[in-house]
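Asker: Got a predicted model here, sequence first, then my questions.
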Amino acid sequence: MKLTEICIRRPVLATVLSLVLVIVGAVTFDRLQVRHYPKIELPRIGITNQF
């Protein structure tokens with residue numbers, strides 16, 4: 001049987017499979033490491049009052 005036929009016959013199974021994929025994706029995204037951060041210089045604004 002194809003996956004589409006199974007999902008049509010059992011919609012709850014299709015929903016559970018989708019939720020499992022979303023949960024696994026969220027967990028792996030949370031554990032994803034970024035090794036190289038770009039150097040960021042925060043902008044500075046100076047205001048002088050000259051009367």
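Answerer: Done, it's in.

Asker: Ile45 sits in which helix or strand?
Answerer: Under DSSP states H and E, no helix or strand contains Ile45.

Asker: Tell me, how many residues neighbour it?
Answerer: Here the number of neighbours of Ile45 (other C-beta atoms under 10 Å) works out to 4. For every residue, glycine as well, the C-beta is placed using N, CA and C.

Asker: Neighbours of Ala14, how many?
Answerer: 15.

Asker: before we move on, what SS does it have?
Answerer: Classification of Ala14 by DSSP: H, G, I helix; E, B strand; the rest coil places it in helix.

Asker: contacting residues for it?
Answerer: Contacts were defined as C-beta atoms under 8 Å, 6 or more residues apart in numbering; by that measure Ala14 touches Ile6, Cys7.

Asker: Val34 versus that one, what's the distance?
Answerer: With distances taken as C-beta to C-beta, to the nearest Å, Ala14 is found 34 Å from Val34.

Asker: same thing with Glu5?
Answerer: Noted for Glu5: a distance of 41 Å to Val34, by C-beta to C-beta.

Asker: Those two: who's more crowded?
Answerer: Neighbours of Glu5 and Val34, each counted by other C-beta under 10 Å, are more numerous for Glu5; the result is 9 against 5.

Asker: and whichever strand or helix holds that one, what does it pack onto?
Answerer: Glu5 is part of helix 3-9, with elements assigned from DSSP H and E. For helix 3-9, the packing partners by 3 or more C-beta pairs under 8 Å, 6 or more residues apart in numbering; DSSP states H and E come out as helix 11-31.

Asker: avg pLDDT for the helix it packs on?
Answerer: Mean pLDDT, computed over helix 11-31, is 93.

Asker: Stretch 40-51 now?
Answerer: Mean per-residue pLDDT for stretch 40-51: 85.
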